[in-house]
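Participant: Kindly generate the corresponding structure for this input.
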Amino acid sequence: MNRMRINMLSCLATLLGFMHDGRADTGSEPSADPVVPADAVIAVIDGIDIPYDWFKHEFRSGFFRHAGEEDVRQAVFDDFMERMTLYALAKKKGVDQEPELADAIRSRVDGMRAFMEYQLAMTEVGMVVEAFLETLERKPEDFEATEEDVAALFRDQVSAMPGAPSSLDQVPEPIRKQLEARAAMEKYKAYVGETIRAWSEDLDVTVEDSLIQSVPMPDMKGHVPPMLRRPSAGPAVMPPVTTPSAP
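Facilitator: Below is the predicted model of the structure:
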């Protein structure tokens, strides 16, 4: 599979709403992890075990802040241990047992756990979908955008944006190339949609429509489009949704 095809598949997965693992492409294979027991403890502070995995993820997410240090691992670990020591001191004083804080922790952790479970599930979904797309007869590179396709994309999705050029002719060449790629991807997306509709006739699908409308709208700040604004009380007002009847 060439790089263009990989990129186009990734773009399609994004358009269809699937998530990837988010790791940056460094141009080289990641180094293998050393063999460390799953229950390894890297430190113990006043009887509190500090798992090795905590530090491993801390290092991976924050090592760049210490890139100039002679010993990057130790530099990250020193900062990590300072926070863990504060945590141990707070627990020793019973701060974590305060009812209000305990409720706040439980609420936040439960929400984060649910989101992480969603991310893990969508990672699997995305990988399976990409593998399935590979089995289709037509591939992303089989689709090319015509001048009419690009003009329609510009008219429908770009022209109304703040600061957009008044015509397609005024669009810089690099941006135009991106529009061409997007228009081609839209044609591929339509092809995949047709395939899904044709094959889904063999699937038993049940949808709880009431649950779709029960999902709460997120709290939004700044300029919120009128159709998404919350009324003074009650859920956000959304346009009515019409579900097409089966043929």
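Participant: For Ile48, the count of nearby residues, please.
Facilitator: Around Ile48 there are 14 other residues, counting by other C-beta atoms under 10 Å. C-beta: built from backbone N, CA, C; applies to glycine.
Participant: In what element of secondary structure is Ala181 found?
Facilitator: If you go by DSSP states H and E, Ala181 is part of helix 173-199.
Participant: could you say what helices and strands that helix packs with?
Facilitator: Helices and strands touching helix 173-199, by 3 or more C-beta pairs under 8 Å, 6 or more residues apart in numbering; DSSP states H and E, are helix 3-15, helix 147-153.
Participant: Which of those comes out lowest on mean pLDDT?
Facilitator: With a mean of 42, helix 3-15 has the lowest mean pLDDT of these.
Participant: next SSE after that one?
Facilitator: strand 41-45.
Participant: just to revisit the earlier point, report the mean confidence score over the helix holding Ala181.
Facilitator: 90.
Participant: Low-confidence regions, the chain specifically.
Facilitator: Low-confidence segments of the chain, defined by pLDDT under 70: 1-33, 220, 222-247.
Participant: Domain map for it?
Facilitator: Split into domains by automatic domain parsing, the chain comes to 39-94, 98-135, 143-202.
Participant: Between the ones you listed, which one is closest to Pro218.
Facilitator: Nearest to Pro218, of all the domains of the chain, is domain 98-135, at 12.4 Å by C-beta to C-beta.
Participant: So which bits of that closest one are buried?
Facilitator: Neighbour counts over domain 98-135 (16 or more other C-beta atoms under 10 Å) mark Met122, Gly126, Val129, Glu130, Leu133 as buried.
Participant: Out of these, which sit inside helices?
Facilitator: Using DSSP state H, the subset of the buried residues of domain 98-135 located in helices is Met122, Gly126, Val129, Glu130, Leu133.
Participant: Might you quantify the distance of the host helix or strand of Arg83 from its chain's geometric centre?
Facilitator: Per DSSP H and E: Arg83 is located in helix 72-92. Mean-position distance between helix 72-92 and its chain equals 30 Å (C-alpha atoms, centre = their mean, to the nearest Å).
Participant: could I get it in CSV with only the CA atoms?
Facilitator: Extracted C-alpha coordinates of helix 72-92, given in CSV (Å, rounded to 0.1, in the frame of the first residue of the first chain):
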residue,chain,number,x,y,z
VAL,A,72,15.8,12.9,30.4
ARG,A,73,14.3,9.9,32.3
GLN,A,74,15.6,11.1,35.6
ALA,A,75,14.4,14.7,35.0
VAL,A,76,10.9,13.5,34.2
PHE,A,77,11.0,11.1,37.2
ASP,A,78,12.0,13.9,39.6
ASP,A,79,9.0,16.0,38.6
PHE,A,80,6.8,12.9,38.7
MET,A,81,8.0,12.0,42.2
GLU,A,82,7.4,15.5,43.5
ARG,A,83,3.8,15.3,42.5
MET,A,84,3.5,11.7,43.9
THR,A,85,5.0,12.9,47.2
LEU,A,86,2.4,15.7,47.4
TYR,A,87,-0.3,13.1,46.7
ALA,A,88,1.0,10.8,49.5
LEU,A,89,1.1,13.8,51.9
ALA,A,90,-2.4,14.7,51.1
LYS,A,91,-3.7,11.2,51.6
LYS,A,92,-1.8,10.9,54.9
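Participant: Cheers, nothing more for now.
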